[in-house]
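> Give me a model of this one.
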Amino acid sequence: MRLPGRIGPHALLITAAAVPLTGWALHAVSLYKLIADGRKDLLTELPCRPEFVAYGERLLRSRRRDAVHVLMLDGVDFKAVNDTYGHAAGDTVIQTLGRRLARWSSGRKALAARLGGDEFAVCAALPPSTALAEITALREQLRQPLQHDGLTLRLDVSIGIARAADLPGEGMSQILRGADAAMYRVKKGEVSFPYVATRDDAYVETVNGRRAGRRGTHLLAGAA
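Predicted structure coming up:
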């Protein structure tokens, strides 16, 4: 009867080396997942600002500028929801808006992101001839009431629009700033929706009374 051959020393070394490598591979996968999850907003599971800006820059490189539209969205009277019905209701409103934006974006070349609080943004490649109609329809979808804990919560959002074609040569930071300024002009009743940002909007000195604008929408140092 022949006994099984012994495992040679080289095989033992390979096996021993494979164990820590396998452990490291599992750790790397776990670490990658943590990093990927960190790039998403925990409440809505939408991407955050860095991924949104990167997506927009890629879209600017791959699409005609007259198709690239950036939307800035801000909730209307959302603080009243928190104050009246509690933070759970406020969270439900934010999650609902996130789902509606994600659903709208999934059927298009578009990405929706949560920038913080009740502020969202969308970057989309839309046909110039139908873009404003599509954005108007999105606004109506977002404004539909929702049910929470036996209550009917009514929603409203202010939306500002910036078209890359109207800001030739500008990157996402400046286009987003234009959309932000346009959104506040709509919110304050200075202009009617749908309003598309001008170059002056993109270079406005203040946004909602804050000299530098909001984080991620400010003028780059040294920009003309």
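
> And the helix or strand where A54 lies, what's buried?
Taking DSSP states H and E as the criterion, A54 maps to helix 49-62. By neighbour count on 16 or more other Cβ atoms under 10 Å, the buried set for helix 49-62 is 49, 52-53, 55-56, 59-60. To be clear about C-beta, it is placed using only N, CA and C from the backbone, and glycine gets the same treatment.

> now for the next helix or strand after it, which elements pack on it?
Moving toward the C-terminus from helix 49-62, the next helix or strand (DSSP H and E) is strand 68-75. Secondary-structure packing of strand 68-75 (3 or more Cβ pairs under 8 Å, 6 or more residues apart in numbering; DSSP states H and E): helix 49-62, helix 87-106, strand 119-125, helix 131-142, strand 157-163, helix 172-187.

> and the fourth one, what's its mean pLDDT?
Taken as a whole, helix 131-142 carries a mean pLDDT of 97.

> quick one: that helix to chain centroid distance?
Relative to its parent chain, helix 131-142 has a centroid offset of 17 Å by Cα atoms, centre = their mean, to the nearest Å.

> report the angle between the axes of that helix and strand 119-125?
Put simply, helix 131-142 runs at 140 degrees to strand 119-125, going by axes from the mean of the first three to the mean of the last three Cα atoms, to 10 degrees.

> For helix 131-142, which outside residues touch it?
Helix 131-142 is contacted from outside by 67, 69, 71, 73, 97, 100-101, 104, 126, 155, 157, 159, 161, 163, 193-194, 196, using Cβ atoms under 8 Å, 6 or more residues apart in numbering.

> Out of the helices and strands packed on strand 68-75, which is closest to E205?
Closest to E205 of the helices and strands packed on strand 68-75, according to Cβ to Cβ: helix 172-187, at 10.1 Å.

> Against which helices or strands is that closest one packed?
Helix 172-187 packs on helix 49-62, strand 68-75, strand 119-125, strand 157-163, helix 199-202, going by 3+ Cβ pairs under 8 Å, 6+ apart.

> give me every residue that touches the nearest residue to R39 once chain neighbours are set aside.
Nearest residue to R39, sequence neighbours excluded (Cβ to Cβ, 6 or more residues apart in numbering): E51, at 5.4 Å. By Cβ under 8 Å, 6+ apart, the residues touching E51 are 39, 111, 113.

> I'd say the first one and R49 touch.
Right, the one you point to is R39. No: if you go by Cβ atoms under 8 Å, R39 and R49 don't touch, sitting 9.7 Å apart.

> just checking, F193 is part of a helix?
No: counting by DSSP: H, G, I helix; E, B strand; the rest coil, F193 is not found in a helix; it is coil.

> That one and R185 touch, don't they?
No: under the criterion of Cβ under 8 Å, F193 is not in contact with R185, lying 9.8 Å apart.

> Looking at strand pairing, list the partners for the residue at minimal distance from the centre of the chain.
Taking Cα atoms, centre = their mean as the criterion, A113 is the residue nearest the geometric centre of the chain, at 1.3 Å. Applying DSSP bridges to A113 gives these bridge partners: A121.

> circling back to that earlier point, hey, what's the angle from the helix holding A54 to helix 172-187? Just curious.
Using the same axes, to 10 degrees: helix 49-62 against helix 172-187 is 110 degrees.
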